[in-house]
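**Q** Got a predicted model here, sequence first, then my questions.
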Amino acid sequence: MPAPAPRVTVPEFAAARSRGDKLAVVTAYDYTSAKLADEAGVDAILVGDSLGMVIQGHATPLPVTLAQMQYHTACVVRGVTRALVVADLPFLSYQVSPRQAVRSAGSMLKVGAAAVKLEGGERIADAIAACVRADIPVMGHVGLTPQSVHRMGGFKVQRDAEQLVKDARAVADAGAFALVVEGVPSDIAAAITAALSIPTIGIGAGPSCDGQVLVYHDLLGLFDGFRPKFVKRYADLGTATRTAIREYADEVRRGAFPAAEHEFR
Ligand code: KIV
């Protein structure tokens, strides 16, 4: 029997950047999708608060609670044997104080995550440093940070290069092991990547980042709420799902399902 693939660890992220290997990250929110993503060989699975949109049907991630993130993280952890599991800290679970950040982040490690992600740059550096001091690995997130949707006036591409580089540096200096860069022009993402020694994971940030992350439902064509320019659909499971369920309903109505092979006799 082949030996199980070794677990992806936090230090492996830095090692991948040193080797020049790109990191592939995808979100997942439940056992089955996490297991499929893990079996597909991604490096990390992010339990993103994007679940507020693609699972709960909200317009923003703001309503997502810490208890909901703990529940989804625990579901994901049970489906994963290899990838690094990173859990998002939801809105208002870390902004109040570094102390609150450590408690919220620690609760994610208690349900099995290996690291947490939180949004923000200079303003949130103290919270990141406090988590890192408590041995909680942190992935930062700068640029288009969805929890700041009202300050940004919508989910808008962020273009203040000077502030973005300052924010990225603050996150790295606070001890984050990786940084998500979302919704920024490719040249700014390249400048951020060059300015840091930790790996950058891009989403809508061009090809220069050390890795990429996409939302599971976007990548598989399962979500039609909105479709940002940076999303590439690798499958159309939305159409496949509708077709399969229509066929099932039709067979039930025609009496074609269940057939003899589905019966107990
Ligand atoms: O919540 C999320 O899924 C994210 C990724 C899109 C980076 O933060």
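**A** Yep, that arrived.
**Q** Quickly find the element holding Val8.
**A** Counting by DSSP states H and E, there is no helix or strand that carries Val8.
**Q** Could you double-check that it lies in contact with Asp43?
**A** Yes: counting by Cβ atoms under 8 Å, Val8 touches Asp43, with 5.2 Å between them. Every residue, glycine included, has its C-beta placed from N, CA and C.
**Q** Give me the common contacts of the two.
**A** Any residue near both Val8 and Asp43 by Cβ atoms under 8 Å, 6 or more residues apart in numbering counts here, and that gives 83-84.
**Q** For this protein, which segments count as strands?
**A** 23-27, 44-47, 84-88, 115-117, 138-143, 178-182, 200-203, 211-214 (DSSP state E).
**Q** Next, format these as TSV and append mean neighbour count.
**A** Shown next, in TSV, are the strands of the chain (neighbours: other Cβ atoms under 10 Å):
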stretch	mean neighbour count
strand 23-27	23
strand 44-47	30
strand 84-88	28
strand 115-117	26
strand 138-143	29
strand 178-182	28
strand 200-203	28
strand 211-214	22
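**Q** Could you pull up phi and psi at the residue of the stretch 1-150 of the chain found nearest the ligand?
**A** Nearest residue of the stretch 1-150 of the chain to the ligand (Cβ to the nearest ligand atom) works out as Gly48 at 2.1 Å. The phi/psi pair for Gly48 (degrees, to the nearest 10) reads phi -80, psi 150.
**Q** Excluding chain neighbours, what is closest to it?
**A** Closest residue in space to Gly48, ignoring its immediate chain neighbours: Thr27 at 4.2 Å, by Cβ to Cβ, 6 or more residues apart in numbering.
**Q** list the contacts for the one you found?
**A** Under the criterion of Cβ under 8 Å, 6+ apart, the neighbours of Thr27 are 45-48, 50-51, 213-216.
**Q** For it, list each beta-bridge partner.
**A** Bridge pairing for Thr27 (DSSP bridges) gives the partners Leu46.
**Q** do you know how far Asp49 is from Val138?
**A** Using Cβ to Cβ, to the nearest Å, one obtains 15 Å as the distance from Asp49 to Val138.
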